[in-house]
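Participant: What follows is a predicted protein model with its sequence.
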Amino acid sequence: MGWFGPLVFAVIGVYWFWKNRSQTINDAKNSENKSIEKSNPDMYEGLSMGKLLEAVIKNIGGHINLCKDDKEQLHIIYQGEHFTIIYSDDSSIINIYDVAWYSAELNDIENLSLVRQAVNACNRENSSTVLYTMEKEENSVNVHTRQSIVFGSFIPNVDEYLRSRFEDSFRQHHNFYRIMESIRQEQYTK
C-alpha cells in the first residue's frame, strides 16, 4: 500500500504534462518571437531506461557518475545538489532520492521535534516525500527527499518533466527550512 500514493502522484504528473503539451505547442505556433525549448521525442525512441536517463540528464545540464556496484543506479549532480536515481530497464517507474540535505544531532531534542514537525508539514504540501533517518553511529538525524515517478520516452517533453522533478526537491528544501523557522518563531512568541 506504501507504493500507491507515489504512483497516483506519478500518474497525475504524466496527465498534467500530456494535457499542457498541446497548450505549449499552440503557444509556440502563435508566438513568432518566443522560442520554447523542447526535446525531440524521436531522439529518445528505443533507448533503454538507463540510456534514456543518461541522455535526458545530460540534456538538462546534469552531471552523471555511474555506480560501479549497482548498474541500475545513477548518481547525479544537478545545480550543485547530489541526487541518486534507482531504475530498472524492465520498469517505467524510477525512484529519485536527494539524500541527507539536512542533518541534526540526536541529542538536540528540541531541534528533533522541529524536524519531525517540518517533515510532516512538508509532506502535506508537495508531491516529493520528505523523510528522515537516524544514524546512531554518527549521532545524527538526516533529512532526505524521495520521489517515485513514471518515466519514459512516451512522456511529452520528457526533459522538462525530469527537470521539474529535481526542482520539486528544491522546493521541498525551501518548504522545510521555511516551516522550521515558522515553528521556531511560533514557539518563541508563546
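Facilitator: That came through fine. Numbers count the residues shown, from 1 in each chain.

Participant: Just checking, which helix or strand succeeds the helix-or-strand element of the chain with minimal mean pLDDT along the chain?
Facilitator: Using mean pLDDT, DSSP states H and E, helix 4-30 stands out as the lowest-scoring helix or strand of the chain, at a mean of 50. Downstream of helix 4-30, the first helix or strand assigned by DSSP states H and E is helix 49-59.

Participant: ok, residues contacting that next one?
Facilitator: Contact with helix 49-59 is made by 39, 43-44, 47, 64, 71-72, 74, 76, 78, 85, 87-89, 91-92, 94, 151-153, 158-159, 162, as judged by C-beta atoms under 8 Å, 6 or more residues apart in numbering. C-beta here means a position set from N, CA and C on the backbone, and glycine is covered the same way.

Participant: what's the angle from the one helix or strand Y161 maps to to helix 49-59?
Facilitator: In the assignment (DSSP H and E), Y161 maps to helix 158-188. Helix 158-188 runs at 70 degrees relative to helix 49-59, counting by axes from the mean of the first three to the mean of the last three C-alpha atoms, to 10 degrees.

Participant: Report all helices and strands that helix 158-188 contacts.
Facilitator: On a contact count with 3 or more C-beta pairs under 8 Å, 6 or more residues apart in numbering; DSSP states H and E, helix 158-188 meets helix 4-30, helix 49-59, strand 81-86, strand 93-105, helix 109-125, strand 140-150.

Participant: 7 Å instead, please
Facilitator: Under the contact criterion of 3 or more C-beta pairs under 7 Å, 6 or more residues apart in numbering; DSSP states H and E, helix 158-188 touches helix 49-59, strand 93-105, helix 109-125, strand 140-150.

Participant: among these, which is nearest I183?
Facilitator: I183 lies closest to helix 109-125 among those, at 5.5 Å (C-beta to C-beta).

Participant: How far away from the center of its chain is that closest one?
Facilitator: Counting by C-alpha atoms, centre = their mean, to the nearest Å, helix 109-125 is centred 19 Å from the centre of its parent chain.

Participant: what does stretch 140-155 give?
Facilitator: On C-alpha atoms, centre = their mean, the centre of stretch 140-155 falls 5 Å from the chain's centre.

Participant: With that, I have no additional questions.
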